[in-house]
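*Asks:* How does the following fold in three dimensions:
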Amino acid sequence: MTALSIDALIGNDAEFPVIRRWRFFNHAGVCPLPHRTAAAMNAYAAHAETDAYLRADWYARIEALRELAARLINASPGEIAFVKNTSEGLATVANGLDWRAGDRIVTTAVEYPANMYPWMDISRRFNLELIAIPERTRYDGTVCVPLEDILREISHPRTRLVALSHVEFASGQRHDLATIGRSCRQHGALFCVDAIQSLGAMPLDVRQMNIDFLSADGHKWLLGPEGAGIFYCRRELLAQLRPLIIGWMNVARAEDYGHYDLTLKDDARRFECGTHNVAGLLGLKASVELLLTAGIDAVSRRIKLLTDRLASGLRDKGYQVLSPRTGESWSGIISFTTLVHDHAALVRDLRKAHSIEIALRVGRLRASPHFYNTEAEIDMLIDRLPHCGIA
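*Replies:* Okay, here's the model as predicted:
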């Protein structure tokens, strides 16, 4: 399909057909598919219907996606594996390392469950210490997990791994991964990042941020379908991490079907146990190409502009904005509350009466626009929300 500049993509209902029916602000939940993504998946289905796998180049295109995903995070293709979802990648780290009783795992008390249950599970099974740092309310009513609290826990001599979301799902806080990663490397701790709420919305560099493991499904800011994600493992750690599941594709001679040899592949493909979600990965490839064509830096600037506009408008109408917005702590998520109106009723009314979609998470209203949304759509959301007095 035609490569378009970011300006040509904004408000473009041919590229983003959802615009024709909805003012959609839940990319932190499940995104609508761009037209080119749906077209890639439909083309796969049409080919499989009439020709099965004959004359198909699906797996060559999936390998091209591996290169694109590596480019997106400044990794090498050999450090990228495909996973069904974020949970699979995080569980691979949790279950693949050799743990020692007394090892400490540091996370926050406000993680999405995908980045909490794997660590709870192995802490119980291997007698580990799980440290969950609480969120604090700041002077301006915004909430965050303080960086200094994270750094203090990293410095503990028994800290083995830090498991952190780049962006917290309920507050929208973006953590300073560069500083945290540097501290992890200095203190000999591993650094595992859940990037589902940032990848596709803002730049992410695993080298510069000293990230050891990263997992992200494609169905949020990457604008891809559910069930197709990426997992990164730093090359130097590949041999230290056991695959979560062993199947026919993990091994070096996977296509030598009559010869059984459990020698694993020497790159991140060792974590891929069986046949891919081909349709999903082809759709994800189309989405990643779209984002890279638009430019991740430009996408990030656009999201900052839209979310600044939204946060300002919400405050003017008396809502308490909980999401940090200063420095580099901002993200594509705006969480907000009111003591005047019922949150669930607001979400229902926006959807039913105005075709506006936001979300409700842990008692907070949450809006998450992407770069293609327009200022007019943001203003419509602000206008349709009722006043609630002085925040």
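
*Asks:* where are the low-confidence patches of this protein?
*Replies:* Residue ranges of the chain with pLDDT under 70: 1, 389-391.

*Asks:* How is it partitioned into domains?
*Replies:* For the chain, automatic domain parsing gives the domain ranges 6-33+295-384, 58-292.

*Asks:* What separates the first and last residues of the last one, distance-wise?
*Replies:* Across domain 58-292, the terminal residues are separated by 21 Å (C-alpha to C-alpha, to the nearest Å).

*Asks:* If you count contacts, what does the longest helix anywhere in the chain end up packed against?
*Replies:* Counting residues, the longest helix in the chain under DSSP state H turns out to be helix 296-316. For helix 296-316, the packing partners by 3 or more C-beta pairs under 8 Å, 6 or more residues apart in numbering; DSSP states H and E come out as helix 6-9, strand 320-321, strand 334-337, helix 375-384. No exception for glycine: its C-beta is placed from N, CA and C like everyone else's.

*Asks:* list the buried ones in the last one?
*Replies:* For helix 375-384, burial by neighbour count (16 or more other C-beta atoms under 10 Å) applies to E377, I378, M380, L381, I382.

*Asks:* The first one too?
*Replies:* Judged by neighbour count using 16+ other C-beta under 10 Å, the buried positions of helix 6-9 are I6, L9.

*Asks:* For the stretch 201-350 of the chain, just list every one of the strands.
*Replies:* Per DSSP state E, counting those that start in this stretch, the stretch 201-350 of the chain carries strands over the ranges 213-217, 229-233, 320-321, 334-337.

*Asks:* returning to that earlier point: just so I know, which of the helices and strands packed on helix 296-316 lies nearest R348?
*Replies:* Minimum separation from R348 across the helices and strands packed on helix 296-316 (C-beta to C-beta) falls at helix 375-384, 12.6 Å.

*Asks:* how about the CA coordinates for that closest one, as CSV?
*Replies:* Taking C-alpha atoms only, helix 375-384 is exported to CSV below (Å, rounded to 0.1, in the frame of the first residue of the first chain):
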residue,chain,number,x,y,z
GLU,A,375,-8.0,17.7,17.8
ALA,A,376,-11.7,17.9,17.0
GLU,A,377,-12.3,14.5,18.4
ILE,A,378,-10.5,15.4,21.6
ASP,A,379,-12.6,18.5,21.9
MET,A,380,-15.8,16.4,21.4
LEU,A,381,-14.8,14.1,24.2
ILE,A,382,-14.2,17.1,26.5
ASP,A,383,-17.4,18.8,25.4
ARG,A,384,-19.6,15.7,26.0
